[in-house]
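Visitor: task: produce atomic coordinates for the following.
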Amino acid sequence: MKLSIVVIGLSVTSSWGNGHATTYRALIEALARRGHHVTFLERDVPWYRNHRDLTKPAAWTVELYQSLQDIPLRFGKLIRDADLVIIGSYVPDGIAIAEWATTHARGITAFYDIDTPVTLAKLDHGTDYLSAAMIPRFDLYLSFAGGPVPGMIEENYGSPLACVLYCSADTGIYTPLHADPKWTLGYLGTYSEDRQPILGDLLLAPARELPSEQFVVAGAQYPDHVTWPANVARIEHLAPKQHPTFYSEQRFTLNATRADMKALGYSPSVRLFEAAACGTPIISDRWPGLETIFEPSREILLASDPREVVEILRDMPDEQRRTIANNARRRVLAEHTSDHRARQLESYYAEASARRRRKTARFPAARPMQVAEL
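Guide: As a prediction, the model looks like this:
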């Protein structure tokens, strides 16, 4: 089964200030390796244009567009003829694009929500990329959050089929490099106001408690008012190709979770899988469902306050640290690679297609074919 797939997403060309790019790249590279033809459509906006770290992938296609009207005018036939059309979260004019695509695409349509907890928290008040009324029109809802969440999306919002599609690690890129550690504890992530208190408790406070140890925070958009201890290095941005070295130079890395994701649970960050694939032991804040991703104490370390972090950094033997890291890497290789996600997506597509055929057999109806103006 070789599919023609169109993905309309926030950004795949720039990883600056968002985790969407590495998530999309890993999934699409895996789909391309499996023989599928994938085209990614991205709005050409100044922020990502000025910070691109991907130009022309070898095995799939990126097309930039300037305006909403480009979707039907430049890519109408591509979308209508595709086997699978995926629209991602935070796409500019996402609701209008979704309305057009779900009306005109002949194949399966899916919404890929890389921000499911944030989306569901905002949905009743409206977002600019998805409305509650749009959810039943997609054949498939791909949820960043697992556990009970897909069932909630089906029951509460009328999705005909909602399935978990976590992010993953591209293990061709994210792999151990066995570098000498430069930092005792590090963190990679864009600034978020609701995540900053966790970073303060689980990295900045331990840094103040352990002034002879070295710490690091890498990520964009941190405001000037953040006070950094003298032993915390700052890196504004790291391109994905630099991530494995960055992780390999940390004795431990921190996972800090946004408030909506903690509240909903079952929402692992892409950084969890990437750090584990690099063989770096992870210290994480606690949230529901984390134990379904990594086994606490055996594959991941959990902390709720600075004291627990300091005890781990100061007291854990290197052999135990390496064992936990190796266990987490084995878990990623067994369950959370980009190839796993590509195969999951294939199975979801098959299920959605079967549901479409059964529905058509019961209620035959012609699908609109004309090109509508957006």
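
Visitor: ok, the nearest residue to Phe75 once chain neighbours are set aside to Val118 distance?
Guide: Computed as C-beta to C-beta, 6 or more residues apart in numbering, the closest residue to Phe75 that is not its neighbour in sequence is Leu41, at 6.1 Å. Yep, even glycine has a C-beta here, placed from its N, CA and C like the rest. Distance, Leu41 to Val118, by C-beta to C-beta, to the nearest Å: 22 Å.

Visitor: ditto for Arg33
Guide: Counting by C-beta to C-beta, the gap from Arg33 to Val118 is 30 Å.

Visitor: I figured the residue nearest to Phe75 was touching Leu68, is that so?
Guide: No. Contact criterion C-beta atoms under 8 Å: Leu41 and Leu68 do not qualify, at 11.6 Å.

Visitor: compare these two (neighbour count), which wins?
Guide: Leu41 (24 against 16; other C-beta atoms under 10 Å).

Visitor: secondary structure element for the more buried one?
Guide: Assigned by DSSP states H and E, Leu41 belongs to strand 37-43.

Visitor: what comes into contact with that strand?
Guide: 2-13, 24, 28, 31-32, 48, 60-66, 71, 75, 78, 91-92 (C-beta atoms under 8 Å, 6 or more residues apart in numbering).

Visitor: what ranges do the helices span in the stretch 151-300 of the chain?
Guide: Ranges of helices in the stretch 151-300 of the chain, per DSSP state H, counting those that start in this stretch, are 196-199, 205-209, 243-248, 259-264, 270-277.

Visitor: residues of the shortest one that come out buried?
Guide: Pointing back at helix 196-199 there. Ile198, Leu199 (16 or more other C-beta atoms under 10 Å).

Visitor: export only the CA atoms of it, formatted as PDB.
Guide: Taking Å, rounded to 0.1, in the frame of the first residue of the first chain, the C-alpha atoms of helix 196-199 are listed here in PDB:
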ATOM      1  CA  GLN A 196       8.800  28.300  33.500                       C
ATOM      2  CA  PRO A 197       7.900  27.600  37.200                       C
ATOM      3  CA  ILE A 198       8.800  24.000  36.600                       C
ATOM      4  CA  LEU A 199      12.100  25.000  35.100                       C
END
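
Visitor: still on that earlier bit, buried residues in whichever helix or strand comes after the strand holding Leu41?
Guide: Following strand 37-43 in sequence order, the next helix or strand is helix 46-49 (DSSP H and E). By neighbour count on 16+ other C-beta under 10 Å, the buried set for helix 46-49 is Tyr48.

Visitor: check which helices and strands helix 46-49 is in contact with.
Guide: Contact partners of helix 46-49 among helices and strands, from 3 or more C-beta pairs under 8 Å, 6 or more residues apart in numbering; DSSP states H and E: none.

Visitor: so what touches whatever helix or strand comes next after it?
Guide: Using DSSP H and E, the helix or strand that follows helix 46-49 towards the C-terminus is strand 61-65. Strand 61-65 is contacted by residues 12-13, 38-44, 54, 56, 71, 74-75 when judged by C-beta under 8 Å, 6+ apart.

Visitor: test for you: state the pLDDT assigned to the closest residue in space to Ala179 that isn't next to it in sequence.
Guide: Spatial nearest neighbour of Ala179, chain neighbours left out: Ser248 (4.2 Å); criterion: C-beta to C-beta, 6+ apart. As predicted, Ser248 sits at a pLDDT of 96.

Visitor: quick one on the thing from earlier: any idea how far Ile108 is from the residue nearest to Phe75?
Guide: Taken as C-beta to C-beta, the span from Leu41 to Ile108 is 17 Å.

Visitor: same question, Arg49
Guide: From Arg49 to Ile108 the distance is 31 Å (C-beta to C-beta).

Visitor: likewise for Val118?
Guide: Counting by C-beta to C-beta - Val118 and Ile108 are separated by 25 Å.

Visitor: among these two, which residue is more densely surrounded?
Guide: Ile108 (24 against 21).

Visitor: what is the burial count for Gln214?
Guide: Neighbour tally, Gln214, other C-beta under 10 Å: 18.

Visitor: is it true that it touches Asn231?
Guide: Yes. If you go by C-beta under 8 Å, Gln214 and Asn231 touch, sitting 5.6 Å apart.

Visitor: hang on, isn't Leu161 packed against Asp139?
Guide: Yes. Counting by C-beta under 8 Å, Leu161 touches Asp139, with 6.6 Å between them.

Visitor: what residues are shared contacts of these two?
Guide: With C-beta under 8 Å, 6+ apart as the test, Leu161 and Asp139 both reach Ala352, Arg355.

Visitor: neighbouring strands of the strand holding Leu41 in the sheet, and parallel or not?
Guide: With DSSP bridges as the test, strand 37-43 is paired with strand 4-8 (parallel), strand 61-65 (parallel).

Visitor: beta partners of the residue nearest to Leu238 when sequence neighbours are not counted?
Guide: Excluding the flanking residues, the one nearest Leu238 by C-beta to C-beta, 6+ apart is Ala218, at 5.0 Å. As for beta bridges, Ala218 partners with Leu188, Ile235 under DSSP bridges.

Visitor: can you count the residues close to Ala218?
Guide: Considering only other C-beta under 10 Å, Ala218 is surrounded by 18 other residues.

Visitor: tell me the contacts of it?
Guide: Gly186, Tyr187, Leu188, Gly189, Arg234, Ile235, Glu236, His237, Leu238, Phe246.

Visitor: skipping its backbone neighbours, what lies nearest the fourth one in space?
Guide: To tie it back to what came earlier, the one meant is Gly189. Going by C-beta to C-beta, 6+ apart, Gly189 has Gly219 as its nearest residue, at 4.8 Å.
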